[in-house]
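[1] The sequence and its predicted three-dimensional model are supplied below.
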Amino acid sequence: MNFNTYQYERPNFESFKQKYNSLLNLFISSTNKEASIEALNSLNSLRNNWDSKAQIAFIRNSINTKDEFYEKEQAFFDEYGPLNAELDNKYFKALVNSKFEPDLAEHFGVQFINLAKAQLKTFDSSIIPDLQLENKLVSSYSKLISSGTVEFDGKTMPITKLGPYMVSSDRNVRKNARIASVTFFEENEDEFDTIYDKLVKIRTQIALKLGFDSFTELAYLRLGRTDYDKQMVSSYRQSIVKQIIPITSTLYKQQCERLGLDKLKIYDESYRFNTGNPTPKDSADIMLKNGLKMYQELSPETGTFFEKMLNENFLDVLSKDGKAPGGYCTMISDLKMPFIFSNFNGTQGDVDVLTHETGHAFQAYQSRNLQIPEYKFPTYEASEIHSMSMEFLTWPWMNLFFGEDTEKYYYSHLSSALLFMPYGALIDHFQHDVYANPTWSPEKRKERYSELEKIYQPDRDYDGIDYLERGNLWVRQTHVFMEPFYYIDYTLAQICALQFWINNNKDKEQTWQKYLDLCSLGGSKSFLDLLNSIDLLSPFEPECISNVACEVNKFLDSIDSSSF
Ligand code: ZN
């Protein structure tokens, strides 16, 4: 098999729909559990087949956005997406009403039924116009933010191109780049406020129509969170404040001393080391070769897997003309192979592709025989565990990429994991407060953000940059607009990944076995059930965060970072 030569053919929606409906009828009219299971298997292979074609079109379109053929194929799948969702909705209803539900749960696990139940609660045909408005507002945010340009260094550039200036060794350049990055948001402040205000109101209206008290409950169901609630998340955030913030305050203090500054300002935070951030030493080709060596040495499973990815072209990571920006990992069910897409650019991000994205891909590969489409990947907070843990499990090979910078990389990787956590919790707390108070004015929201910032980021100093002082930083956080409440997930997964790091330092063999077990389970269980099956502590257990914080702190303390 080879991805590049794999024959693609556009499916016909009418005949797909016909087959879908007849298999669904077969499922509904089954008179015993065996027949019901068989009908469900056939229906799911049909759904997998449609999705596999959609994935191939999507991948080939992103590899070459100038290829008109796949641009049209992508447009075809975009157009039929909602119609397909309508069919799935019918299937979910039939599933939860099936008299063989207990048998199906026994055979396939209960998770896909629970996800169907959650999904059904989030939809009713009476909210279609509201959903359309929500989508329109999300698109207008996305359009507005991607149109953002800035005048800097004598050039007009997209805001994202300010990145290298923001970590310049010249403090003035960093400061000016930070100020410039804010200009676009400040000029469009009213428009951002209006879009968000409308989003909060329409989401609240949708939630009320569906019978929820607020949008928060609906958002949790949209994210497939079936086994934890907002109270648990709230105490989790408090543990972060208690256990993590004292450590991050020390890390900022050390950074300030290391950089020889009187006070660490917002524009200094990403500039972590006087000697620059750790970067890979070799060309992309050598990095891929080293990646293969790393995975062959890590385990037989990862060795075989990564060889296959390379040999059969399920990896497209070099920058090329016409390629879409960014990176992702997806799964092509029919080929039982994941695909990794990226644009190598000579930064630490390239190594992350070989560890983080490959962690996602390895999970999808290990669970490739799970036929239920909903089991391909777990829910967000769980699916980031495989990727973030792989970043730690591959530590012993980081010298292949970072050479003499390896120790600095360890320090940077581990400390960044902790430094992110309070911000993740802040963004989450803010959204909970916003949707609990949907009548707040934009000004009131910003006031609240500023108050929360003082709790979660007590060391933050905006140095008088007015727009940021007024509680506006969250506006650039796309999740807040586009995927509400999806953000705390990164922190939950990070706490689990750090447990893998701790366990791996004690017992490599056993930890690897647990990791393999977790990957093989794919999305067949809920977040807490997945953790339970491999004996990881839930981040919602109070002692979990304190254990993790203590171990990480010990390691960071053992490294002399003053020379970095
Ligand atoms: Zn990820």
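    Perfect, I can see it now.
[2] Residue 324: how many residues sit nearby?
    When neighbours are counted by other CB atoms under 10 Å, residue 324 registers 15. (Glycine included, C-beta is placed from N, CA and C.)
[3] Use 4 as the first number from now on
    Noted, 4 is the first residue going forward, which turns the last one into residue 327.
[4] Provide the secondary structure category for it.
    Following DSSP: H, G, I helix; E, B strand; the rest coil, the label given to residue 327 is coil.
[5] give me the element the closest residue to it other than its chain neighbours is part of.
    Counting by CB to CB, 6 or more residues apart in numbering, residue 327 lies nearest to residue 65, which is 4.0 Å off, once chain neighbours are set aside. Secondary structure from DSSP states H and E places residue 65 in helix 36-66.
[6] where's the residue nearest to residue 327 relative to residue 330, distance?
    Distance, residue 65 to residue 330, using CB to CB, to the nearest Å: 10 Å.
[7] Residue 351 too?
    Note on residue 351: its distance to residue 330, by CB to CB, is 13 Å.
[8] try residue 409
    According to CB to CB, residue 409 stands 23 Å off from residue 330.
[9] who's more crowded, these two?
    Ranked by neighbour count (other CB under 10 Å), residue 409 and residue 330 place residue 330 first, with 19 against 16.
[10] How about that one, nearest residue that isn't a chain neighbour?
    Leaving aside its sequence neighbours, residue 330 sits nearest to residue 345 (CB to CB, 6+ apart; 3.7 Å).
[11] quick one: low-confidence ranges for the stretch 304-453 of the chain?
    Residue ranges of the stretch 304-453 of the chain with pLDDT under 70: none are present.
[12] circling back: residue contacts, the residue nearest to residue 327?
    Neighbouring residues of residue 65 by CB atoms under 8 Å, 6 or more residues apart in numbering: 326, 327, 331, 344.
[13] What pLDDT is listed against it?
    pLDDT for residue 65: 94.
[14] swap in the one 3 residues further on?
    According to the predicted model, the pLDDT of residue 68 comes to 90.
[15] Doesn't it lie inside a strand?
    No: applying three-state DSSP, one finds residue 68 to be coil, outside a strand.
[16] coming back round to it: what about the next helix or strand after the helix holding residue 65, distance to the chain center?
    Later in the chain than helix 36-66, the nearest helix or strand by DSSP H and E is helix 71-100. In terms of CA atoms, centre = their mean, to the nearest Å, the centre of helix 71-100 is found 23 Å from the chain centre.
[17] what angle sits between helix 71-100 and helix 36-66?
    With axes from the mean of the first three to the mean of the last three CA atoms, to 10 degrees applied, the angle from helix 71-100 to helix 36-66 works out at 150 degrees.
[18] In helix 71-100, which residues are buried?
    If you call a residue buried by 16 or more other CB atoms under 10 Å, then helix 71-100 has these buried ones: 73, 76, 77, 79, 80, 83, 87, 90, 94, 95, 97, 98.
[19] Mind giving me the packing neighbours of it?
    Judged by 3 or more CB pairs under 8 Å, 6 or more residues apart in numbering; DSSP states H and E, helix 71-100 is in contact with helix 16-31, helix 36-66, helix 114-124.
[20] returning to that earlier point: could you tell me which residues touch both of residue 65 and residue 330?
    By CB under 8 Å, 6+ apart, residue 65 and residue 330 have these common neighbours: residue 344.
[21] Could I get the full set of helices for the stretch 404-553 of the chain?
    409-439, 445-459, 469-472, 481-485, 491-509, 511-524, 530-536, 545-561 (DSSP state H, counting those that start in this stretch).
[22] for the stretch 104-253 of the chain, same thing?
    104-111, 114-124, 131-149, 166-169, 174-190, 192-212, 218-225, 233-242, 248-262.
[23] and the fourth one, how far out from the chain's middle?
    Taking CA atoms, centre = their mean, one finds helix 166-169 lying 23 Å from the centre of the chain it belongs to.
[24] what does it rub up against?
    155, 156, 176, 177, 179, 180, 181, 184, 270, 273, 274.
[25] With pLDDT as extra columns, can I get the residues you listed in a markdown table?
    As requested, the contacts of helix 166-169 are exported to a markdown table (pLDDT from 0 to 100):
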| residue | pLDDT |
| --- | --- |
| 155 | 93 |
| 156 | 90 |
| 176 | 95 |
| 177 | 95 |
| 179 | 96 |
| 180 | 95 |
| 181 | 95 |
| 184 | 92 |
| 270 | 97 |
| 273 | 93 |
| 274 | 94 |
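[26] From these, list just the buried residues.
    Among the contacts of helix 166-169, those scoring as buried are 155, 176, 177, 179, 180, 181, 184, 270, 274 (criterion: 16+ other CB under 10 Å).
[27] what's near enough to touch the last one?
    Okay, so that is residue 274. Counting by CB under 8 Å, 6+ apart, residue 274 has contacts 169, 170, 171, 172, 177, 262.
[28] What residues does the fourth one make contact with?
    Going by CB under 8 Å, 6+ apart, residue 172 touches 274, 277, 279.
[29] what's it sitting at in phi/psi?
    phi -70, psi -10 (degrees, to the nearest 10).
[30] May I have the predicted confidence score for it?
    pLDDT recorded at residue 172 is 92.
[31] Can I get the contacts of residue 274 in a markdown table including distance to residue 284?
    Compiled in a markdown table, these are given as follows (distance: CB to CB, whole Å):
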| residue | distance to residue 284 |
| --- | --- |
| 169 | 23 |
| 170 | 18 |
| 171 | 21 |
| 172 | 19 |
| 177 | 25 |
| 262 | 24 |
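[32] so which of the residues you listed comes closest to residue 316?
    Nearest to residue 316 among those: residue 170, at 33.8 Å, using CB to CB.
[33] Next up, the contacts around the closest one.
    With CB under 8 Å, 6+ apart, residue 170 has these contacts: 177, 273, 274, 279, 280.
[34] can you do 7 Å?
    273, 274, 280 (CB atoms under 7 Å, 6 or more residues apart in numbering).
[35] Secondary structure and distance to residue 367 added to these, as CSV?
    Converted to CSV, the contacts of residue 170 look like this (DSSP: H, G, I helix; E, B strand; the rest coil; distance: CB to CB, whole Å):
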residue, secondary structure, distance to residue 367
273, coil, 31
274, coil, 36
280, coil, 30
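[36] which of these lies closest to residue 522?
    Nearest to residue 522 out of the contacts of residue 170 is residue 280 (CB to CB; 29.8 Å).
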